[in-house]
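In: predicted model and sequence follow; I will ask about them next.
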Amino acid sequence: MLKIIPGWQVKLLDANHIQTTGISSLELMERAAKGFVDWWNGKGFDHSAPVNIFCGAGNNGGDGFAIARLLDTSGFKVSVLKCFDESAKLSSDALVNFKLLPDGIRVMDWNEFDKSKDGIVVDAFLGVGLTGELRSTAKAIIQKINSFDGKVISVDIPSGLPSDDLLSGACVRADFTVTFAFPKLSLLFPEHAAVTGELILVDIGIADTEYDLFDSTSYYLRKEDVPFFHRKFHRFSHKGDFGKVLIVAGSEGKMGAAILSCKAALRSGSGLVTALMPKSERQIIQIAVPEAMCQFELPTDLSRFDAIGIGPGLGVMGKSALLESIFHRFKNPMVIDADALTILSENPDLVHLIPKGSILTPHLKEFDRLLGDTSNHLARLEKAADFCRSLELNLLIKGANSVICLADGRQVFNSSGTPYMATGGSGDVLTGMLTSFLGQGYSSANAMFCGVYHHGLAGEIAGEHYLRGTIASDLIDAIPETFVQLGIS
Ligand SMILES: NC(=O)C1=CN([C@@H]2O[C@H](COP(=O)(O)OP(=O)(O)OC[C@H]3O[C@@H](n4cnc5c(N)ncnc54)[C@H](O)[C@@H]3O)[C@@H](O)[C@H]2O)[C@@H](O)CC1
Ligand SMILES: Nc1ncnc2c1ncn2[C@@H]1O[C@H](COP(=O)(O)OP(=O)(O)O)[C@@H](O)[C@H]1O
Ligand SMILES: [K+]
């Protein structure tokens, strides 16, 4: 996993990389620019569209000058818009790249930009070096960029956005943000979605181990990280090895949620899935998921189950006693979602009975109901950290870049997923997946890394086919392909 460090430490990260590898800071800037242009070329932007690159006086601007040179070489019609006056002192690498601009590139002052013309704007004005309040011209430059109707692509971070804090002033509204080395924390906050647009991470060759020098509890979970968290099974593995799970879900009119969770658990590899649900609804699940067994009363001995997932479609009325009984009878980590979370928020004393190491999966509204109203993501993360540490529980804050908050204090932002997953029932699928991995003997942390990443990837795979018509069942159908893509047998 990739550590997310504060923006002000990027200079130290670079300096250490430069010292240990012997490359120059200018080469590092060139790698960043090349990474940006590789992404750009993969995107297939129209060559006839003029490219206007706003460049500041620091290294973010330096990246912009280098990008201008490389896009010019790729055959794009590039202009550079200087966001500094004659008296400005450019950073040394920015100055080198400014001087390397080929003659074919038109260099103008930022206020000469004609917003009415077509094209693409690249925002290389301010990066992680932003300090304090925006100075007056900076605001005008940002307004100028935002007055443009076409595509805006920010380099490293939208200009004006602080790397680790909440946005309070003006900021470029980007369609894409191409960030270098690691995602800056603020790019992962839901309240900044409108300014960051789609997030792309470009590797500039800094090894994960180089982040060990820095203290941070924030991490980013990438595709390449996930295989390490999977359990290996052997030739003689039998269905018992793949876990027996109990899904406590569904009620009259809400049996779909139970079906989705059970199917997702089976598709994630569970050996045996039992559904605990009202007897009156049994035909629905037996027909929809013949592989699942049914139980209509809570068994006294729950120790025969390796994991329990509770909540989807369960209903709230009269169900708190069921939850309490399960907490008393089952001592292993379990997954708690949806209606079970609502019951907890209405019966806060029950929270203390939850088996240690369990996984709670609230979306933002459920989070607020459970932990109290929270005005922003920074406050939410802090609250989650306290909750997890003090109760020895794990919490998943669901949404884009869902955050896996662990009892050990780590907070891991997921990189997979798509807005097409914002559809009824996709959370029920996740409950089934998480319960399945727990039941297969994964630690709670590993079950979360695998479950959350695969769930997002299933959404991406399904979304490619069905776009905004994606439904939760499509995610289940895509689970096997996620194993194929990650090379998990
Ligand atoms: N490891 C990495 O992540 C790398 C980062 N690079 C780039 O380097 C950038 C950081 O460069 P710098 O540290 O030079 O900083 P920036 O270029 O982000 O910012 C410094 C500039 O912003 C101006 N500025 C700061 N606060 C301001 C305010 N409140 N109002 C108006 N102007 C303000 C300063 O006068 C200076 O000109 C990154 O964002 C990235 O684009 C790459 O060049 C190389 C590798
Ligand atoms: N914009 C988004 N980008 C990525 N993932 C998303 C997005 N919106 C929702 N999701 C994911 O979809 C799931 C929705 O879960 P939930 O809110 O419980 O829905 P439901 O209750 O309808 O099942 C979560 O895992 C969440 O992370
Ligand atoms: K920028």
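Out: Nice, I can see it. Ligands and ions are numbered 1, 2, ... in the order given.

In: which residue ranges of the stretch 51-200 of the chain form helices?
Out: Using DSSP state H, counting those that start in this stretch, the helices of the stretch 51-200 of the chain run over 59-73, 92-99, 136-146, 193-196.

In: and Asp203, which of those helices is closest to it?
Out: When the helices of the stretch 51-200 of the chain are ranked by proximity to Asp203, the top entry is helix 59-73, at 15.0 Å, counting by Cβ to Cβ. Where you see a C-beta, it was placed from the backbone N, CA and C, and this is true even at glycine.

In: only the buried residues of that closest one, if you could.
Out: The neighbour-count check on helix 59-73 (16 or more other Cβ atoms under 10 Å) flags 59-72 as buried.

In: could I get the helices of the stretch 51-200 of the chain as a markdown table with mean pLDDT and distance to Gly424?
Out: Converted to a markdown table, the helices of the stretch 51-200 of the chain look like this (pLDDT from 0 to 100; distance: least, Cβ to Cβ, whole Å):
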| stretch | mean pLDDT | distance to Gly424 |
| --- | --- | --- |
| helix 59-73 | 98 | 41 |
| helix 92-99 | 98 | 50 |
| helix 136-146 | 96 | 35 |
| helix 193-196 | 96 | 21 |
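
In: out of the ones you listed, which is closest to Asp337?
Out: Comparing the helices of the stretch 51-200 of the chain by Cβ to Cβ, helix 193-196 comes nearest, at 23.6 Å.

In: could you confirm whether the closest one reaches ligand 1?
Out: No - using Cβ under 6 Å from any ligand atom, helix 193-196 never reaches ligand 1; the gap is at least 13.8 Å.

In: so what touches that helix?
Out: For helix 193-196, contacts defined as Cβ atoms under 8 Å, 6 or more residues apart in numbering pick out Ser154, Pro158, Gly160, Leu161, Leu167, Cys171, Val172, Arg173, Ala174, Thr177, Leu187, Ala400.

In: same thing but at 7 Å, please
Out: Identification of contacts with helix 193-196 by Cβ atoms under 7 Å, 6 or more residues apart in numbering yields Pro158, Leu161, Leu167, Cys171, Val172, Arg173, Ala174, Thr177, Leu187, Ala400.

In: so Ile18, which state does it fall into?
Out: helix (DSSP: H, G, I helix; E, B strand; the rest coil).

In: for it, give its distance to ligand 1.
Out: Distance of Ile18 to ligand 1, computed by Cβ to the nearest ligand atom, to the nearest Å: 10 Å.

In: so for the residue nearest to that residue when sequence neighbours are not counted, what's the pLDDT?
Out: Among residues not flanking Ile18 along the chain, Ser25 sits closest, at 5.7 Å (Cβ to Cβ, 6 or more residues apart in numbering). Ser25 carries a pLDDT score of 96 in this model.

In: for ligand 1, what's the nearest residue on the stretch 201-350 of the chain?
Out: When scored by Cβ to the nearest ligand atom, the stretch 201-350 of the chain has Ile204 as its residue closest to ligand 1, at 5.8 Å.

In: what's the neighbour count on that residue?
Out: 19 (other Cβ atoms under 10 Å).

In: so what's the residue count around the closest residue to it other than its chain neighbours?
Out: Once flanking residues are discounted, Ile204 sits nearest to Arg31: 4.5 Å by Cβ to Cβ, 6+ apart. Arg31 has 19 neighbouring residues, counting by other Cβ under 10 Å.

In: related to what we said a few turns ago, out of the contacts of helix 193-196, what pair is the most spread apart?
Out: Farthest pair in the contacts of helix 193-196, by Cβ to Cβ: Val172 and Ala400, 19.5 Å.

In: distance from the strand or helix carrying Leu434 to the middle of the chain?
Out: Under the criterion of DSSP states H and E, Leu434 resides in helix 426-439. Taking Cα atoms, centre = their mean, to the nearest Å, one finds helix 426-439 lying 18 Å from the centre of the chain it belongs to.

In: report the angle between whichever helix or strand comes after it and helix 426-439.
Out: The first helix or strand that comes after helix 426-439 along the chain, using DSSP H and E, is helix 444-466. Helix 444-466 and helix 426-439 meet at an angle of 140 degrees, taking axes from the mean of the first three to the mean of the last three Cα atoms, to 10 degrees as the criterion.

In: quick check: buried residues in helix 444-466?
Out: Quick answer for helix 444-466 (16+ other Cβ under 10 Å): 444-463.

In: so which of those reach ligand 2?
Out: His455.

In: model confidence for the most centrally placed residue in the chain, exactly?
Out: The geometric centre of the chain, computed from its C-alpha atoms, lies nearest to Asn401 (Cα atoms, centre = their mean), at 2.1 Å. With respect to pLDDT, Asn401 has a value of 97.

In: just to check, it is in contact with Ser416?
Out: No - using Cβ atoms under 7 Å, Asn401 makes no contact with Ser416, being 9.4 Å away.

In: so for those two, which residues contact both of them?
Out: Joint contacts of Asn401 and Ser416 (Cβ under 7 Å, 6+ apart) do not exist.

In: so which bits of the stretch 151-300 of the chain are right by ligand 3?
Out: Residues of the stretch 151-300 of the chain lying near ligand 3 by Cβ under 5 Å from the ion: Ser154, Val155, Ser159.

In: now distance to Leu12, pLDDT and neighbour count too, for the residues you listed, in CSV please.
Out: Formatted as CSV, these follow (distance: Cβ to Cβ, whole Å; pLDDT from 0 to 100; neighbours: other Cβ atoms under 10 Å):
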residue, distance to Leu12, pLDDT, neighbour count
Ser154, 23, 98, 33
Val155, 21, 98, 32
Ser159, 22, 98, 27
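
In: contact partners for Val172?
Out: Here Val172 is in contact with Asp123, Ile142, Ile145, Asn146, Val152, Ser154, Pro158, Ser159, Gly160, Val195 (criterion: Cβ under 7 Å, 6+ apart).

In: neighbours around the fifth one, how many?
Out: The reference is to Val152. Val152 has 23 nearby residues by other Cβ under 10 Å.

In: tell me the confidence at it?
Out: So Val152 comes in at 98 (pLDDT).

In: below-threshold pLDDT in the stretch 101-250 of the chain: ranges please.
Out: Applying pLDDT under 70 to the stretch 101-250 of the chain picks out residues 239.

In: surely Thr374 is in contact with Lys383?
Out: Yes - applying Cβ under 7 Å, one finds Thr374 in contact with Lys383, separated by 6.0 Å.

In: now whichever residue of the stretch 201-350 of the chain sits closest to ligand 3. Nearest residue, chain neighbours left out?
Out: Here the stretch 201-350 of the chain gets closest to ligand 3 at one residue, Val202, 13.4 Å apart by Cβ to the ion. The shortest distance from Val202 to any non-neighbouring residue, by Cβ to Cβ, 6+ apart, is to Gly35 (3.5 Å).

In: pull the contacting residues for that neighbour.
Out: Phe180, Val202, Asp203, Ile204.

In: for the protein, what lies in contact range of ligand 2?
Out: 338, 363, 398-400, 402, 417-419, 421-422, 424-428, 430, 455.

In: those residues, buried ones only, as a PyMOL selection?
Out: For the buried members of these, the matching PyMOL selection, counting by 16+ other Cβ under 10 Å, is:
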select buried, resi 338+363+398+399+400+402+417+418+421+425+426+427+428+430+455
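
In: the closest residue to Asp38 other than its chain neighbours: neighbour count?
Out: Among residues not flanking Asp38 along the chain, Val202 sits closest, at 7.9 Å (Cβ to Cβ, 6+ apart). By other Cβ under 10 Å, 19 other residues sit near Val202.

In: partners of Val202 in the sheet?
Out: Note on Val202: beta-bridge partners Phe180, judged by DSSP bridges.
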